[in-house]
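*Asks:* Provided below are the primary sequence and the corresponding predicted coordinates.
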Amino acid sequence: MPFRLERQETVSGLALLAAPLLALIFTLIVGAVMFVALGQDPIRAFSVYFIEPLSDPWTLQELVVKAGPLLLIGIGLSFCYRANRWNIGAEGQYVAGAVLGSWLALATHGTEAGPWVLPAMLVLGALGGALWGLIPAVLRVKFGASEILTSLMLVYVAQLGLDYLVRGPWRDPQGFNFPQSVTFDPVATMPLLFEEGRLHAGVLVGLVAVALAAFVLGRTLVGFSIELGGSAPRAAAFAGFDERRVTYGVFALSGALAGLAGIIEVAGPIGNLQPSISPGYGFTAIIAAMLGRLHPVGVLIASLVLALTYIGGEAAQITLRMPFDVTRVFQGTLLISILAADVLVRYRIRRLKGAAHA
Amino acid sequence: MRKILSKILSASAALAAGLVIAGAATGGAGAAEKLKVGFIYIGPVGDFGWTYQHDQGRKAVEAALGDKVETTYVESVPEGPDAERVIEQLARAGNKLIFTTSFGYMEPTLKVAKRYPKVMFEHATGYKRAANVSTYNSKFHEGRYILGQIAAKTSKTGTIGYIASFPIPEVISGINSLMLGAQSVNPDIKVKIVWVNSWFDPAKEADAAKALIDQGADIISQHTDSPAAMQAAEARGVKAFGQASDMKNFGPNAQLTSIVDNWAPYYVERVKAALDGTWKSTDTWSGMKDGEVVMAPYTNMPDDVKKMAEETEAKIKSGALNPFKGPIYKQDGTLVVKEGEVLPDKDILSMNWYVKGITDKVPGQ
């Protein structure tokens, strides 16, 4: 029996707000069934998963630290996706930014360099990410190459470049040949916000990015041109907006934010350059951007929710001895429910009459 | 700034705690003084390989010490900031002894150890220690010497294929040890190396095995974790060595033997020490004689080859044979170890050169 998804003409704001809540309730029901089947008390499982991480200053800090890179990258991606430019390569831009920023940390290592090092590293990080992000933009504008493919492929190029550097020229000479750079000097390290815990100054950058992005997207002509270029390219062209400039702009911006996230992570929680500096933040941030409905505040919430599912999952493994796969199934259920609820609110399912063939 | 943020954080913490009554009702279940022991794994436990063997060690601890201990593990934790969080979570959950079982957990382990001076940490395969951080590893290269001898005796083409992960000292010394073992049987033996730049990537490992077989290798050895190469060897009718676990089931006709990691003796000993209060920060590098490097049964080979392998194994266990005993020459012919001397452990642990006879180049050198 054929069905079709039809876009709703009007979607009430209440429904849009209720959708994630319904999704959460649905996830809790599915989760409860799963936990009972595994012989776990579902109330205790939910408490370990969702409540305990939120009721302890240490885990709250960890939550923010984990959400930080997702937030920065996710905001950049929402500019791209609003403009209908599909940057899938944030992971590579993250690595490129981390590499260029780390270059300064390593070049000034062991010298008397002053407190200008860290800010300069952040600038270089953003620059590295932006340049890496501009490659697929140029390829699209000049040659019409699909940015989905080129940006994705460049992820591997960036990762292998990093791999070469930490195994070769940037390897710690005292490190028994193991592939990692020296530990960054204090002037090249993100300051911590508290004595206890790992909350670092980088998260403030993320909050500033939320505010700026919300302003640009909501209140400026630039934001409007991005939106219009994405939803109605012909109208945008008639209005005199240059499509190429939008392409360059959103790729440079999302690359810069991803690069910034990379250098903050390396100069913050990691502390040196290693062959692998991201557990896939650049890809997870795509989910954060989508879950957050491409709105900066939404991305902020989505990043925190995603971080919570990771930290709750680890807590469930430790305190409840739940297998890793179960925690991931639970995480997946939550994400699919939220996305499905979102579609079902915006679209309606219509049965097609008379089109049946069999 | 700090004050404001800390207020916000503690306020939201209090709010979250107050919102749901269940929030506080969890935590330690007040069992009698059991020693809580935590493990953090790089991969899924699964049925074979690096992480599986560590989990076997954890189970051995439970079996040996019963209700004196309570063990927990977290699997598939990526190296980096995530590892630091998980290690700290384990410490906060009351684990007094924590095993961190991947090289990349080194810095995170040290960072958490600094914040929890009363918790004991054990880091596998690293080289940095602290008052409450021990390191441990196994001399896997001892087993590879035997593989080299078996391969040189069994190969008809005179070419051994080697699937390597990353060009770090442990892997380089494994290649050298295998080559020295092989040369002790056939001085003209050749070894072909493929780097897959991964510890676990079945597709790449299988491709590497096929490429090596196509280039004339009829014995496949691996320093990667999946049984894909063993399966490829089985399908193509050549022989292979397994890694970390006995891979006989994946290559009933192909497997000659496997180097099996056995962490059980070390784990039981260290947990006992923690229970007795005699635990101290140490650096342990055990091998065959300690039962940490175990050879799976020698199969699919003639009796004389099997006999040779068993004799070599006995000699390594007794200390009569050291794979890195001189004379050893580098590729360019310079003498590194004189006749009658052995290469010091620290040089094996930082090895970045090949022995004479290997025609490849160490990547990045």
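*Replies:* Alright, I've got the coordinates.

*Asks:* Surely B:Phe140 is in contact with B:Glu292?
*Replies:* No: applying Cβ atoms under 8 Å as the test, B:Phe140 and B:Glu292 come out as separate, 9.1 Å apart. Heads up, the C-betas are built off the backbone N, CA and C, glycines and all.

*Asks:* so what sits against both of those two?
*Replies:* Shared contacts of B:Phe140 and B:Glu292, defined by Cβ atoms under 8 Å, 6 or more residues apart in numbering or on different chains, comprise B:Asp261.

*Asks:* These two - which one has more neighbours?
*Replies:* Counting neighbours by other Cβ atoms under 10 Å in any protein chain shown for B:Phe140 and for B:Glu292 shows that B:Glu292 has the greater number, 24 against 21.

*Asks:* measure that one to B:Phe166 for me?
*Replies:* Counting by Cβ to Cβ, to the nearest Å, the separation of B:Glu292 from B:Phe166 is 22 Å.

*Asks:* again with A:Asn87
*Replies:* Taken as Cβ to Cβ, the span from A:Asn87 to B:Phe166 is 30 Å.

*Asks:* Over to B:Met351?
*Replies:* 13 Å.

*Asks:* between these two, who's got more neighbours?
*Replies:* B:Met351 (26 against 21).

*Asks:* what residue ranges in the chain score low on pLDDT?
*Replies:* Using chain A here. A:1, A:176-177, A:354-358 (pLDDT under 70).

*Asks:* look at chain B instead
*Replies:* B:1-32, B:364-365.

*Asks:* One more pass at 50, please.
*Replies:* Within chain B, the set of residues satisfying pLDDT under 50 comprises B:1-3, B:5, B:8-31.

*Asks:* residue closest to the middle of it?
*Replies:* Nearest to the mean C-alpha position of chain B, counting by Cα atoms, centre = their mean, stands B:Trp50 at 6.0 Å.

*Asks:* That one against B:Asp225, yeah?
*Replies:* Yes: assessed by Cβ under 8 Å, B:Trp50 is found in contact with B:Asp225 at 5.3 Å.

*Asks:* Return every residue with contacts to both of these two.
*Replies:* Counting by Cβ under 8 Å, 6+ apart, the residues touching both B:Trp50 and B:Asp225 are B:Gly43, B:Trp199, B:Phe200, B:Ala244.

*Asks:* list the contacts for the closest residue to the first one other than its chain neighbours?
*Replies:* Across the structure, with Cβ to Cβ, 6 or more residues apart in numbering or on different chains as the measure, the residue nearest B:Gly43 apart from its sequence neighbours is B:Thr51 (4.1 Å). Contact partners of B:Thr51, counting by Cβ under 8 Å, 6+ apart, are B:Tyr41, B:Ile42, B:Gly43, B:Pro44, B:Val45, B:Glu75, B:Thr101.

*Asks:* Give me the three-state assignment for the fifth one.
*Replies:* B:Val45 carries the three-state label coil when classified by DSSP: H, G, I helix; E, B strand; the rest coil.

*Asks:* Quick check: which element contains the closest residue to it other than its chain neighbours?
*Replies:* Residue nearest to B:Val45 in three dimensions, not counting chain neighbours: B:Asp55, with 4.7 Å by Cβ to Cβ, 6+ apart. In the assignment (DSSP states H and E), B:Asp55 maps to helix B:49-65.

*Asks:* all strands of the stretch 151-300 of chain B, in order?
*Replies:* B:159-164, B:190-195, B:219-222, B:239-244, B:255-261, B:283-286, B:293-295 (DSSP state E, counting those that start in this stretch).

*Asks:* Generate TSV for those, with distance to chain A as supplementary columns.
*Replies:* Output for the strands of the stretch 151-300 of chain B, formatted as TSV (distance: least, Cβ to the nearest Cβ, whole Å):
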stretch	distance to chain A
strand B:159-164	13
strand B:190-195	11
strand B:219-222	20
strand B:239-244	19
strand B:255-261	20
strand B:283-286	13
strand B:293-295	21
